[in-house]
Structures are given as C-alpha cells and as structure tokens.
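Engineer: Coordinates for the following, if possible.
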Amino acid sequence: MSADPPAATRTEPAKQPRQKPLEPCQLHKIRNVADKLPDHLASTVGKRMRAAYHADSALMAQAQLEALAKELERTHPGAAASIARNHSTNVKNWQNGNMALRWCAAGMIEAGKQFRRVNGHLHLPALRAALNEHVAAQTVGTVRHDEPVIAA
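Structural biologist: Numbers count the residues shown, from 1 in each chain. Reported below is the predicted structural model:
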C-alpha cells in the first residue's frame, strides 16, 4: 500500500505568472536611489520600487512611487527627489492610446501648477479694447465687421 494521497486530493503548487524583467533605466534608478540611502533602508526601498514597476497599471505604479518618495522626503530628501524625478518615464505598462492620453493630460495638469501668470493679466481685455480703438482711429474709410450677426 502506498502512503501517497489519492490524485484528487493532491494539491499542485500554484504557478506564479512570470514578471517581465525590469528595464535597464529602472534598474539604474533603483541603484541611484539605493546609493543615497543607508544599507538597512536601501534593500527595503529597492523592493518597494521593484514592486511598483511591476504594478498592474501605470497609475498604481505612479501612486506607489509617489507614496514612497513622500515617506522618504523628510529623512532622505536626496533619495526622495531621485524617486520623484522622471519616474513616469520608467513605467512601461502602457496598455493603449487612451492610457497614454490620460497620462499626458495628467502631466499637463501637474505642469500647469507651475506656470506663472503674466503680470497684469486681468487688464488684458481693457488693453485689447484700447488697441482696437487706436487702430480704428488710425484706419480711415474702412468698414468694421465685428458686429454680431443674427442668421435666420
């Protein structure tokens, strides 16, 4: 008699899906961050960065990397800056054109926070009106066509 359980009750080990290898730029980024950290922290941060790079979606990866950078910001600002700098270019999980457009729009919104307004931007409508009056006074005998037209 055999000591093996019946075939129906044996459990096979669950096969883990193979993860894609990291890109060279991602490995370089992890190495750069680790160089800015003490040894006991470098391995933990490296593991978290690898996990982020293997995330299911680019948004999840970005969120994980931003959270990690925020955690390190007070105690290790150089490492936090290295994580935050250009990490979106290292996330390679683009799934389709819509995702690329969403990322582009998110980048523009983030960049818009750093744009500066032109001094006196609230006075631009008055400047435009004054320039229109000046041009109209200088132009003799021309017919203006800027009145609203009602089409039937």
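Engineer: contacts and neighbour counts: CA atoms only from here.
Structural biologist: Fine.
Engineer: Could you tell me how far stretch 40-52 lies from the centre of the chain?
Structural biologist: On the basis of Cα atoms, centre = their mean, to the nearest Å, stretch 40-52 sits 20 Å off its chain's mean C-alpha point.
Engineer: Buried ones in it, by neighbour count?
Structural biologist: 42, 45, 46, 48, 49, 50, 52 (16 or more other Cα atoms under 10 Å).
Engineer: ok, these vs residue 135, which is closest?
Structural biologist: Nearest to residue 135, judged by Cα to Cα, of those is residue 52 at 59.3 Å.
Engineer: list the helices and strands the strand or helix carrying that closest one packs on?
Structural biologist: Per DSSP states H and E, residue 52 falls inside helix 39-53. Contacts defined by 3 or more Cα pairs under 8 Å, 6 or more residues apart in numbering; DSSP states H and E place helix 39-53 against helix 24-35, helix 58-72.
Engineer: thinking again about what came up before, let me have the buried residues of stretch 40-52 in a markdown table, extended by distance to residue 33 and pLDDT.
Structural biologist: Shown next, in a markdown table, are these (distance: Cα to Cα, whole Å; pLDDT from 0 to 100):
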| residue | distance to residue 33 | pLDDT |
| --- | --- | --- |
| 42 | 8 | 88 |
| 45 | 8 | 88 |
| 46 | 8 | 88 |
| 48 | 12 | 90 |
| 49 | 10 | 87 |
| 50 | 12 | 87 |
| 52 | 14 | 87 |
